[in-house]
Structures are given as C-alpha cells and as structure tokens.
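Engineer: Okay, here's the prediction I keep looking at, along with the sequence it came from:
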Amino acid sequence: MEKFDVLIGIVVPKGKENCIEEFKNATKEILDKPFMIEEQNISVAKQRKIMIEEAKKRNCKGILFLECDVIPPKNLFELVMTKADIVGGAYLQWVNMGVPKVAPCAFALADEGIAFLPIDVVMPKTILPVAAVGFGCAYVNSKVFNKIEYPENDNDDLEFCQKAREKGFSIAVNAGVKCISNTGSGKLEFPMSRAGLSFSET
C-alpha cells in the first residue's frame, strides 16, 4: 500500500457506534493506523477539531476524514492526489425534500446558499468543482485548516467549506471514489445505471 503523509481520522457520529466493527473489517486492507477518538459522547465537529490539532502536531500534509458509517472503496487515496484543496468522495444520504429522497453529499452554489446535486451528475467517474462536500469521506489539505478555524456546530463541514471557498480555496468531488453509506434503514450504494435516480424516492 502506498504511503501518504496524511492523518486518517475516523469520526464516530452519535448513534453510529454499531458501525465501527463493520467499518474496520471493510477497510483493514486500505487504512494504515487510522486515528480515532476513544472517548464517547464527543460531537462530530469536536472530533474533527481534535484530529486537526493532531495533524498539526504531526505536521501532516492533510487529513483524510472518514465517518464510520461511510465505507470507502479501495481507490480512496485518489482523493489525496486530486488537484483541489478540499476533495470529497461520492456517497449518498437520505434527505427530506417534503418526502424522503436520496442525494449525494456534494453541493452546488444556489441563490439560497447551496443545493444538492442530482445523482446523475456524480454517476460518471469525473472530478467536479463544487460549493461544498460532506466530510463523511473527504480529504482536506493542511493549508486550509492551518488558515481557517474549524467550526463546532451541526453543519461544521459545510460551514468549513463555505469559509474555505471565501478564502479562495478550491473544492471538488471526485466521483470516481464511490462509497457505501451504512444507514439505519440499509446501505445506500450507487446504482450501475441512472435508473431514474436523479432524486430517487424509495
């Protein structure tokens, strides 16, 4: 396995502790000595903030943030080699748009701030500039977190992307790095074809 000078930070969202073992088993061949906060009941934002401080101590090139309910593919480290300051992998989530629907955790600029991208856009293996990405699977270059204070709120990753964008940093989603989301109602995976999933109701 190729070595990269990055901190691999595994974040455990509250209520997702039951995903840890499956995550470890699924990633044992691709992740080398990941960093995980052992203490329970720490917010996602606080865990990420601690990981940033650890990366600064180690003088790492960047941080690869992963959440234990998002299983990355074997080509995960393509994120580190992608030419953008913040790079997200492609993974799906349930969102409430009046009815439950599925959308990628990558966002475009919109009049009201940011908007979900349709699944169609991230189906091909391509690299797309975006307004923000979710940090369930994302690489952040050290020059970003060395300049911007990490926020501590429920939308920490999206707010951090907004601040990075305002400072002129580039953000992209690498749609060739497709992950599996381990939700409470089953796993969300990208389909092999569009199959009517621009915003899929299931």
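Structural biologist: Right, received. Where do you want to start?
Engineer: the helices in this protein, which residues?
Structural biologist: 20-27, 44-58, 78-81, 119-122, 142-145, 156-166 (DSSP state H).
Engineer: How about Lys147, nearest residue that isn't a chain neighbour?
Structural biologist: Once flanking residues are discounted, Lys147 sits nearest to Lys167: 6.4 Å by C-beta to C-beta, 6 or more residues apart in numbering. C-beta here means a position set from N, CA and C on the backbone, and glycine is covered the same way.
Engineer: one step back: hey, least reliable of the helices of the chain by pLDDT?
Structural biologist: Least confident of the helices of the chain, judged by mean pLDDT, is helix 119-122 with a mean of 88.
Engineer: Could you pull out the buried residues of that helix?
Structural biologist: Within helix 119-122, the residues that qualify as buried are Ile119, Val121, Val122, counting by 16 or more other C-beta atoms under 10 Å.
Engineer: need the contact list for Pro13.
Structural biologist: Val44, Glu67, Cys68, Asp69 (C-beta atoms under 8 Å, 6 or more residues apart in numbering).
Engineer: same question, Pro72
Structural biologist: Thr27, Ile30, Leu66, Gly89, Cys137, Val177, Cys179.
Engineer: which sections of this protein are below the confidence cut-off?
Structural biologist: 1-3, 97-100, 192-202 (pLDDT under 70).
Engineer: Can you name every helix or strand that the longest strand that the chain contains contacts?
Structural biologist: When the chain is scanned for its longest strand (criterion: DSSP state E), the result is strand 171-178. With contacts taken as 3 or more C-beta pairs under 8 Å, 6 or more residues apart in numbering; DSSP states H and E, strand 171-178 sits against helix 78-81, strand 86-90, helix 119-122, strand 127-129, strand 132-133, helix 156-166.
Engineer: Cheers, nothing more for now.
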